[in-house]
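Visitor: Just to be clear, the model below is a prediction. Sequence and coordinates:
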Amino acid sequence: TVRVQQERLLISRIRMASAASGTVFSNDASNSSVEPSMDEERFLRRQALDSRDELVESAVGKLSSIDESRKKLTEASKEFRSLQDQNRKLWGQLSSSTSNRVVAAENYSKKTDEPESSTTEDLQKENVILKRALMDSIIGSGLDWYSDDRLRNTILKLED
């Protein structure tokens, strides 16, 4: 576009120069018109046509570039959609396999809990003893545990 502007400026300057030279340097006083001669007109028309042709060529090049970009965009959109479909399928498979793993883990934990039920019972008894000891130490400390939110929540959790 800069080149086109330069060409237009050049053509207008050539016209002004032609008019100025026709006015100042004319040998014939009766030929004081500002009009360019026929050869000059042809030359200027040829330049204008050449400039127009270059603009058309530039526009055609830009249009072909736009068409190529549109084709690339269409291809990218199609590829994006196919990838989205693949991701949805994979997500479905992953979520179903995850739920199967959760069920398997629950079944495994049920099987392993049965032989160690005595260990679990021992740990539960020890846990109850530790809860009572902590609750007795908080209550026996003389602190106003009911007004302190953290201590009150701790006592309420220990009572469960």
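Guide: Cool, the structure landed. Residues are numbered from 1 along each chain as shown.

Visitor: Poorly predicted segments of this structure, please.
Guide: Where the chain drops to pLDDT under 70, the residues are 19-20, 22-37, 97-100, 103-105, 107-117, 160.

Visitor: what about 50?
Guide: 29-32 (pLDDT under 50).

Visitor: Name the single longest helix found in it.
Guide: helix 38-113 (DSSP state H).

Visitor: Just after that one, pick out the following helix or strand.
Guide: Remark: after helix 38-113, the chain's next helix or strand is helix 117-140, criterion DSSP states H and E.

Visitor: in that next one, what counts as buried?
Guide: 135, 138 (16 or more other C-beta atoms under 10 Å). C-betas here are computed from N, CA, C, even on glycine.

Visitor: Kindly report the same for stretch 148-160.
Guide: Buried positions in stretch 148-160, judged by neighbour count with 16+ other C-beta under 10 Å: 151, 155, 158.

Visitor: Sort out which of those residues are in helices and list them.
Guide: When DSSP H is applied, these are split such that 151, 155, 158 fall in helices.

Visitor: Would you confirm that the first one contacts I138?
Guide: Read that as L151. Yes: the pair L151 and I138 qualifies as a contact (C-beta atoms under 8 Å) at a distance of 6.1 Å.

Visitor: what sits in contact with each of these two?
Guide: Common neighbours of L151 and I138 are listed as W145 (criterion: C-beta atoms under 8 Å, 6 or more residues apart in numbering).

Visitor: check contacts around the nearest residue to L134 once chain neighbours are set aside.
Guide: The shortest distance from L134 to any non-neighbouring residue, by C-beta to C-beta, 6 or more residues apart in numbering, is to L158 (6.1 Å). Taking C-beta under 8 Å, 6+ apart, we find L158 in contact with 131-132, 134-135.

Visitor: Apply 10 Å and report the result again.
Guide: Taking C-beta atoms under 10 Å, 6 or more residues apart in numbering, we find L158 in contact with 128, 130-136, 138-139.
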